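Colleague: Everything below, folded, please.
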Amino acid sequence: MFGIGMPELLLILALALIVLGPKKLPELARAAGKGLAEFKRATDDMKSAFNEEHRPIESRGELPADGKRGEVEIPLTAASASSGEAAGQDTSHAG
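Modeller: Residues are numbered from 1 along each chain as shown. As a prediction, the model looks like this:
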């Protein structure tokens, strides 16, 4: 982990027990555990948000099923056919 073996860990725990006392040590350990759990939960949330943002667009379902990008079909209607007259195009065949 940090290069701390069992003898070093026992020495640290013994010093903490002497300095803090038997009543404060469990409270401190409990608070440290809760803090580490909250930190882990926050980093996991950040990882999942990061991975969600960097997934390919295709796998997020943001493309149409046919996979075409930026191609939109506009159906030809009577209104768009008569717009040729408005643009100055001669639609009559009498001439």
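
Colleague: measure residue 20 to residue 45 for me?
Modeller: Here the criterion is Cβ to Cβ, to the nearest Å. By it, residue 20 lies 32 Å from residue 45. (Glycine included, C-beta is placed from N, CA and C.)

Colleague: So between those two, which is more surrounded?
Modeller: Each of residue 20 and residue 45 has its neighbours counted (other Cβ atoms under 10 Å); residue 20 has more, 14 against 10.

Colleague: list the contacts for the more buried one?
Modeller: residue 28 (Cβ atoms under 8 Å, 6 or more residues apart in numbering).

Colleague: ok, it to residue 43 distance?
Modeller: 28 Å.

Colleague: Also residue 36?
Modeller: Noted for residue 36: a distance of 11 Å to residue 43, by Cβ to Cβ.

Colleague: With residue 22 instead?
Modeller: Using Cβ to Cβ, residue 22 is found at 33 Å from residue 43.

Colleague: before we move on, what about residue 51?
Modeller: Distance, residue 51 to residue 43, using Cβ to Cβ: 12 Å.

Colleague: Next: residue 30.
Modeller: According to Cβ to Cβ, residue 30 and residue 43 sit 21 Å apart.

Colleague: Please apply the same query to residue 29.
Modeller: 21 Å.

Colleague: before we move on, what about residue 31?
Modeller: For residue 31, the distance to residue 43 - Cβ to Cβ - is 19 Å.

Colleague: For the helix or strand hosting residue 48, give the mean pLDDT please.
Modeller: Using DSSP states H and E, residue 48 maps to helix 24-53. Averaged across helix 24-53, pLDDT comes to 92.

Colleague: Which secondary structure elements does it sit against?
Modeller: If you count contacts as 3 or more Cβ pairs under 8 Å, 6 or more residues apart in numbering; DSSP states H and E, helix 24-53 packs onto helix 6-20.

Colleague: Same question for the helix it packs on: list its buried residues.
Modeller: Residues of helix 6-20 include none that count as buried (16 or more other Cβ atoms under 10 Å).
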